[in-house]
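# Quick one: sequence and predicted model below, then my questions.
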Amino acid sequence: MSLNSHVEELKRKHQTLSDRVEHLQRTPSASDAEIADLKKQKLKIKEQISRFETTSA
């Protein structure tokens, strides 16, 4: 897998997590812990994307 395709896959995962967080935030029965976990996952992915984009620049 090339670096660009890996970054694109990370961006897709990040967007999927963003969509899930938005959905859960609108759901009254959603767990705050689950939302926090998803946000942590998003942050880790965002950091990976940033590292890869900085490295390839």
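Noted; the coordinates are in hand.

# going forward, measure contacts and count neighbours with C-alpha atoms only.
Noted.

# in the helix or strand in which residue 35 is found, what counts as buried?
Counting by DSSP states H and E, the element that carries residue 35 is helix 32-56. Within helix 32-56, the residues scored as buried using 16 or more other CA atoms under 10 Å are 35, 38-39, 41-42, 45-46, 49.

# Adding pLDDT and distance to residue 10, write those residues out as a markdown table.
Putting these into a markdown table (pLDDT from 0 to 100; distance: CA to CA, whole Å) gives the following:
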| residue | pLDDT | distance to residue 10 |
| --- | --- | --- |
| 35 | 97 | 19 |
| 38 | 98 | 14 |
| 39 | 98 | 14 |
| 41 | 98 | 11 |
| 42 | 98 | 10 |
| 45 | 98 | 6 |
| 46 | 97 | 8 |
| 49 | 96 | 7 |
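
# rewinding a little: quick one: list the elements packing against the helix holding residue 35.
Helix 32-56 makes packing contacts with helix 3-25 when contacts are defined by 3 or more CA pairs under 8 Å, 6 or more residues apart in numbering; DSSP states H and E.

# how about the helix it packs on as PDB, C-alpha atoms only?
Listed in PDB are the C-alpha atoms of helix 3-25, where the atom choice follows Å, rounded to 0.1, in the frame of the first residue of the first chain:
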ATOM      1  CA  LEU A   3       1.700   6.200   1.500                       C
ATOM      2  CA  ASN A   4      -1.000   8.200  -0.300                       C
ATOM      3  CA  SER A   5      -3.500   5.300  -0.200                       C
ATOM      4  CA  HIS A   6      -2.700   4.700   3.400                       C
ATOM      5  CA  VAL A   7      -3.400   8.400   4.300                       C
ATOM      6  CA  GLU A   8      -6.600   8.300   2.200                       C
ATOM      7  CA  GLU A   9      -7.700   5.200   4.200                       C
ATOM      8  CA  LEU A  10      -7.000   6.900   7.400                       C
ATOM      9  CA  LYS A  11      -9.000   9.900   6.300                       C
ATOM     10  CA  ARG A  12     -12.000   7.600   5.400                       C
ATOM     11  CA  LYS A  13     -11.800   6.000   8.900                       C
ATOM     12  CA  HIS A  14     -11.600   9.500  10.500                       C
ATOM     13  CA  GLN A  15     -14.700  10.600   8.600                       C
ATOM     14  CA  THR A  16     -16.600   7.400   9.500                       C
ATOM     15  CA  LEU A  17     -15.800   8.000  13.200                       C
ATOM     16  CA  SER A  18     -16.900  11.600  12.800                       C
ATOM     17  CA  ASP A  19     -20.200  10.500  11.400                       C
ATOM     18  CA  ARG A  20     -20.700   8.000  14.200                       C
ATOM     19  CA  VAL A  21     -19.900  10.600  16.900                       C
ATOM     20  CA  GLU A  22     -22.400  13.100  15.300                       C
ATOM     21  CA  HIS A  23     -25.100  10.400  15.200                       C
ATOM     22  CA  LEU A  24     -24.500   9.300  18.800                       C
ATOM     23  CA  GLN A  25     -24.500  12.900  20.100                       C
END
